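Novice: What follows is a predicted protein model with its sequence.
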Amino acid sequence: MKKILAIFVMVLFAAYPAVSQASTGHGAPVEVSGVIVLQHIISSDLYEDKGDDSTDAYKIYINFDKEVADGINTHITVNADKFGSDAALEEAVISFSDVAGADTTIMAGKMEVPWGQDYSQFISGTVTHHLELDKHWGIAGQFGIEGFGSVTAGFVQADPTEERNTKLTETYAVKVKADKIVENLSVEASMAKIGKDKDSDVGGGDDLALEFAPGFEIDIHAGDLIGVESNDETRMSIGAKYAMGDATVAAEYSKIDDLAGIEETELKVTLISADYKIGNILLKANYEDIKAEAGGDDFAEAKLTMFGANYEFADGVYATIESVTASDIKVLGVEADDASAILLGLYAHF
């Protein structure tokens, strides 16, 4: 299925100038855009295992978009930082809009699964962001509802390298978004199920890592979970976002049962975000509460606090400084020292 969809999208990019010219009166060009994010981590206990300093290209994405006919569009995103691996193809989607004359869009290919709100202005990311369901092959539909918002649903193929069920109907997600009832207010709820091969047990190789911040993980080792039956992972998310002039506030609660298919594990994450723009400067803050359980007992918990500011040089180009602190860290009831880091970054959209 993956190869067929990838070839289909690429062929549409290259082989449909006649169709495009007939429908629009000219050959629609391929639009190229992208994002480059550079970051520098200042020495901190959070990154002590990586050396005193760390500078790298955190993200290099290149997008290719082409309208091949009225209502038919193709989109490819390449992760230039991962050339030579399957992960290099971030997205490959063909979409059909205004299907049957209605506010309906059908998408097929490699895409982000419709789950979670994931609002944050931070380059360094959040635990909530790391929970996103992207880079999956499948099919999805978005249905607009006048005066209300939209409903998006999709079936995707889970990664077989994680011993998950690869049937298209075993992994699915549904998101309901209400953003047309109250001006500047968006409220959404979503749920997802990720299929897992029920004939296999966890252990002897499966590790579960909870990433509280980039580079800071708490691991559940396979040796601790041998014999635990694998199960389907189920998750839900409720989020809201409200814009007030130059200020935006957002909140999201995510809950995952049988995390990574491991029975009787549970992860709860609450994220609160706020940002305020003053001229070329964007002030931003995040607070995140993370709790994980295994076997009905508390396994790990932490609080993540982030403060930062962006300075925009030009449209789509800004420098940022971000402070990340992980506090109230407990693993199996044992407290750990707080961890912190400072990130300097440069974001450019072209």
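Specialist: Structure's in. What do you need?
Novice: confidence score at the residue nearest to residue 244 when sequence neighbours are not counted?
Specialist: In space, residue 244 comes closest to residue 184 once its chain neighbours are excluded; the distance is 7.1 Å by CB to CB, 6 or more residues apart in numbering. Every residue, glycine included, has its C-beta placed from N, CA and C. pLDDT for residue 184: 96.
Novice: residues in contact with residue 184?
Specialist: Neighbour list for residue 184: 242-244 [criterion: CB atoms under 8 Å, 6 or more residues apart in numbering].
Novice: Distance check, it against residue 281.
Specialist: Using CB to CB, to the nearest Å, residue 184 is found at 21 Å from residue 281.
Novice: and residue 296, how many residues sit next to it?
Specialist: 9 (other CB atoms under 10 Å).
Novice: Show the pLDDT at it.
Specialist: pLDDT, read off for residue 296, is 70.
Novice: Report the separation between it and residue 304.
Specialist: The value you get for residue 296 to residue 304, if CB to CB is used, is 24 Å.
Novice: what's across from residue 154 in the sheet?
Specialist: On the basis of DSSP bridges, residue 154 takes part in beta bridges with residue 140, residue 173.
Novice: pretty sure it is in contact with residue 190, am I right?
Specialist: No. Under the criterion of CB atoms under 8 Å, residue 154 is not in contact with residue 190, lying 10.8 Å apart.
Novice: joint contacts of these two?
Specialist: Counting by CB under 8 Å, 6+ apart, the residues touching both residue 154 and residue 190 are 114, 173.
Novice: Could you tell me whether residue 169 really is in a strand?
Specialist: No. Applying DSSP: H, G, I helix; E, B strand; the rest coil, one finds residue 169 to be helix, outside a strand.
Novice: who's in contact with it?
Specialist: residue 155.
Novice: confidence score at it?
Specialist: For residue 169, the predicted pLDDT is 71.
Novice: Could you measure from it over to residue 283?
Specialist: For residue 169, the distance to residue 283 - CB to CB - is 45 Å.
Novice: same check, this time on residue 305
Specialist: 15 Å.
Novice: quick one: secondary structure of the spatially most central residue of the chain?
Specialist: Nearest to the mean C-alpha position of the chain, counting by CA atoms, centre = their mean, stands residue 132 at 3.4 Å. Three-state assignment for residue 132 (three-state DSSP): coil.
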